[in-house]
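Participant: Dropping a prediction and its sequence here:
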Amino acid sequence: MEEAPLSSEQVLDPDCNEVQMDGDDLTLTAELEGQNGVSEGRKEFVAPALGMEFESYEDAYSYYNCYAKEVGFRVRVKNSWFKRNSREKYGAVLCCSSQGFKRIKDVNRLRKETRTGCPAMIRMRLVDTKRWRILEVTLEHNHLLGSKVYKSIKKMGNGVKRNCQPSNDADVRTIKLYKALVIDSGGNGTSNPIARDATGMFPDHPNQLNIRRGDTQALYNYLCRMQLTNPNFFYLMDLNEEGRLRNVFWIDARSRAACGYFSDVIYLDNTYMSNKFEIPLVAFVGINHHGQSVLLGCGLLAGETTESYIWLFKAWLTCTLGHSPQTIITDRCKTLSSVIAEVFPRCHHRFSLSLIMKKVPEKLGGLCNYDAIRKALVKAVYESMKVIEFEAAWGFMVQRFGIGDHEWLRSLYEDRVQWALVYLKDTSFAGMAAARPNEALNPFFDKYVHKQTPLKEFLDKYELALQKRHKEEALADIESRSSNPILKTRCSFELQLSKAYTREVFKKFQYEVEEMYSCFSTTQLHVDGPIVIFLVKERVMSEGNRREIKDYEVLYNRTAGEVRCICSCFNFYGYLCRHSLCVLNFNGVEEIPSKYILSRWKKDYKRLHILDHGSSNIDVSDRVQWFNQMYKSALQIVEEGAISLDHYKVALQSFEESLKRVHNVDVRLE
């Protein structure tokens with residue numbers, strides 16, 4: 001027989017509601033404020049919502065468990081976070097037991113699979129008030145819910161079990177549910193509209209950093225600690241007229257060293273600003289010699305204003321000794337366009353094509369014939385080889401679907417010279433062009449930062465993210481130097497670059513060599529002295545896995561040894577395409593000209609780069625430059641020395657030997 005739900009007593013404390021539970025059922029009496037559009041004394045069962053706070057993790061767990069029983073699902077602890085020293089829990093994600101999918105090796109064929117990838121969950125964290133606050137909620141399930149289904153999690157702690165089960169002393173236990181947000185019928189509201197907005201942050205102010213109370217001091221402490229413990233760490237803080245923090249820029253030692261190698265092409269990642277994340281973060285991102293993302297600096301901005309961006313770019317220039325990038329890629333933003341033109345006048349500013357295409361469902365999803373429009377747009381953007389082809393395809397799309405008055409498309413077309421591939425063929429992207437339909441520039445801190453991630457948590461995750469990326473780069477360095485890739489053809493180009501390029505970049509070039517065999521015809525179209533235009537035919541995959549023949553024009557200068565394909569693979573990705581290789585092969589060229597073998601992709605790029613700069617660009621009177629160059633050299637040994645105990649011993653021995661040699665210089669001078 002179904003038991004009747006218990007009614008809770010009237011709430012006396014205006015800041016909290018009380019939940020009474022007996023382990024079987026739960027009813028919440030919410031006395032909501034009249035100004036939120038809900039009549040006083042209205043009673044309703046309240047589901048988990050953003051801003052709910054609990055006295056303890058056990059209270060929060062018990063609440064969600066009993067809510068789950070009422071709705072008809074079971075709870076599982078997906079993730080928990082603990083402080084390093086005290087092992088005190090400070091964060092957790094509770095989810096539906098049907099969340100995710102089992103790994104293939106874990107599937108028991110005798111037992112029916114119950115997981116459906118259900119998205120229902122809550123994410124909560126211990127906040128400054130020493131309470132547990134719900135920061136993210138998903139209520140929807142993708143499976144049928146049972147009636148009064150309830151089982152405790154097997155791995156649940158003893159304290160949690162007691163909270164959900166009747167005790168001998170009392171059959172009913174009261175949990176205080178504090179309202180960081182007053183929950184109205186729409187799930188929104190605020191307990192103190194003057195002090196904070198609905199995210200718990202200070203109201204947006206264009207002249208000061210929009211972060212939580214106490215975060216400024218936490219950030220300052222972090223920067224000071226890093227400066228003491230991380231040699232060559234650099235940061236700048238911008239204060240407004242009232243002495244309040246407005247903008248911040250910082251760059252750790254490894255990222256600062258990476259700027260010397262990989263700042264030729266930069267992606268300014270302002271995803272967290274434009275999508276209104278809790279932390280107003282901006283990141284400078286580059287690509288290393290393995291094609292991996294590398295961080296080149298971070299900033300926190302008061303707003304997406306001209307003043308803030310100018311300050312940020314000048315701060316970055318200060319730490320890089322004034323070296324401007326060749327190409328900078330950003331979101332489509334007029335403010336950024338004017339600022340980059342002012343601060344980096346010689347830099348090629350381009351809009352991220354992947355970010356533009358990511359917005360297509362949002363901007364065009366409501367139109368009739370959306371699927372057909374999207375298909376026509378993709379075809380115009382990615383398949384047009386010449387400007388005239390792009391213009392014709394765009395005009396056909398606009399006219400056919402009657403979308404000439406669509407504001408977003410019209411403004412996009414006006415900016416086409418900064419994002420459409422046919423206009424960008426003279427721009428070097430070093431692999432960051434995202435020139436193919438499924439390629440994208442992902443946020444550097446993807447999977448580390450969510451919309452409600454507070455600044456204090458991000459500062460911890462920042463170091464974890466960097467450590468992971470540095471380890472990946474060091475391991476890739478070792479793999480590239482210690483192993484020889486397996487050759488798949490007899491082409492001399494493949495053998496040539498297998499000795500030069502890092503493993504991952506060589507794999508991409510190797511694919512182009514393999515695809516030379518899909519190019520079945522190379523013929524001359526036009527001859528003008530030493531310059532010859534060739535036509536290369538290729539069989540390419542089209543819709544329905546059908547093969548169609550596509551023509552590519554390739555210009556070849558016999559005297560200068562220059563080759564240039566209309567697909568512009570070299571400028572987009574940094575290595576020659578299959579069509580250019582066919583033309584070189586047709587003309588009896590057995591080795592790729594050195595101008596088409598970029599140093600930034602070489603296995604020993606860092607070592608060569610340091611030697612080149614050390615011999616020509618160092619000011620013998622500037623001790624800061626001495627330090628920077630020595631730090632770059634030593635950092636390579638440190639990074640690889642941290643991979644294993646054997647690496648560590650060899651690295652330490654090399655430092656000791658170097659130190660003795662430096663000391664011997666002093667002895668000889670006496």
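Facilitator: Yep, it's here.
Participant: Within the sheet, what are the partner strands of the helix or strand containing Lys78, with directions?
Facilitator: According to DSSP states H and E, Lys78 maps onto strand 75-82. Strand 75-82 has these partner strands in its sheet, going by DSSP bridges: strand 89-96 (antiparallel).
Participant: for the very next helix or strand once past the strand it pairs with, the distance to its chain's centre please.
Facilitator: Per DSSP H and E, strand 89-96 leads on to strand 121-126 as the next helix or strand towards the C-terminus. Taking Cα atoms, centre = their mean, to the nearest Å, one finds strand 121-126 lying 22 Å from the centre of the chain it belongs to.
Participant: Tell me the helices and strands packed up against strand 121-126.
Facilitator: helix 57-71, strand 89-96, strand 132-138 (3 or more Cβ pairs under 8 Å, 6 or more residues apart in numbering; DSSP states H and E). No exception for glycine: its C-beta is placed from N, CA and C like everyone else's.
Participant: what does the model give Ala283 for pLDDT?
Facilitator: Note for Ala283: predicted pLDDT of 96.
Participant: List the residues that contact it.
Facilitator: By Cβ atoms under 8 Å, 6 or more residues apart in numbering, the contact set of Ala283 is 268-269, 295, 297-299, 443-445.
Participant: Phe534: which element?
Facilitator: strand 531-541.
Participant: buried residues in stretch 272-288?
Facilitator: 272-273, 277-288 (16 or more other Cβ atoms under 10 Å).
Participant: residues in contact with the strand holding Lys78?
Facilitator: In contact with strand 75-82 (Cβ under 8 Å, 6+ apart) are residues 61, 64-65, 68, 88-97, 99-100, 121, 153, 155-156.
Participant: now do 6 Å
Facilitator: With Cβ atoms under 6 Å, 6 or more residues apart in numbering as the test, strand 75-82 has contacts from 64-65, 68, 89-95, 97.
Participant: before we move on, what about stretch 429-441?
Facilitator: Contacts for stretch 429-441 (Cβ under 6 Å, 6+ apart): 265, 267, 287, 291, 329, 352-354, 382, 421, 572-574.
Participant: Stretch 235-254 too?
Facilitator: Residues outside stretch 235-254 that contact it (Cβ under 6 Å, 6+ apart): 207-209, 216, 223, 230-234, 297-302, 308, 311-312, 315, 319, 470.
Participant: Drop anything exposed from those.
Facilitator: Applying 16+ other Cβ under 10 Å to the contacts of stretch 235-254, the neighbour count classes 208-209, 216, 223, 232-234, 297-302, 308, 311-312, 315, 319, 470 as buried.
Participant: List the ones among these that fall in strands.
Facilitator: Using DSSP state E, 234, 297-300 are the members of the buried ones among the contacts of stretch 235-254 that sit in strands.
Participant: need the residues you listed in a markdown table with distance to Arg125 and pLDDT, can you?
Facilitator: Formatted as a markdown table, those follow (distance: Cβ to Cβ, whole Å; pLDDT from 0 to 100):
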| residue | distance to Arg125 | pLDDT |
| --- | --- | --- |
| Phe234 | 30 | 90 |
| Gly297 | 27 | 96 |
| Cys298 | 22 | 95 |
| Gly299 | 24 | 95 |
| Leu300 | 20 | 95 |
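Participant: could I get the residues you listed as TSV with distance to Val360?
Facilitator: Output for those, formatted as TSV (distance: Cβ to Cβ, whole Å):
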residue	distance to Val360
Phe234	39
Gly297	30
Cys298	29
Gly299	29
Leu300	30
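Participant: can you pull the contacts of the closest residue to His143 other than its chain neighbours?
Facilitator: Excluding its sequence neighbours, the residue lying closest to His143 (Cβ to Cβ, 6 or more residues apart in numbering) is Thr116, at 4.6 Å. By Cβ under 6 Å, 6+ apart, the contact list for Thr116 reads 98, 142-143.
Participant: Dihedrals phi and psi, Thr116?
Facilitator: Per-residue torsions, Thr116: phi -130, psi 10 (degrees, to the nearest 10).
Participant: roughly how far apart are it and Cys95?
Facilitator: Here Thr116 is placed at a distance of 12 Å from Cys95 (Cβ to Cβ, to the nearest Å).
Participant: same question, Glu407
Facilitator: Distance from Glu407 to Cys95, by Cβ to Cβ: 40 Å.
Participant: Those two: which has the busier surroundings?
Facilitator: Cys95 (21 against 8; other Cβ atoms under 10 Å).
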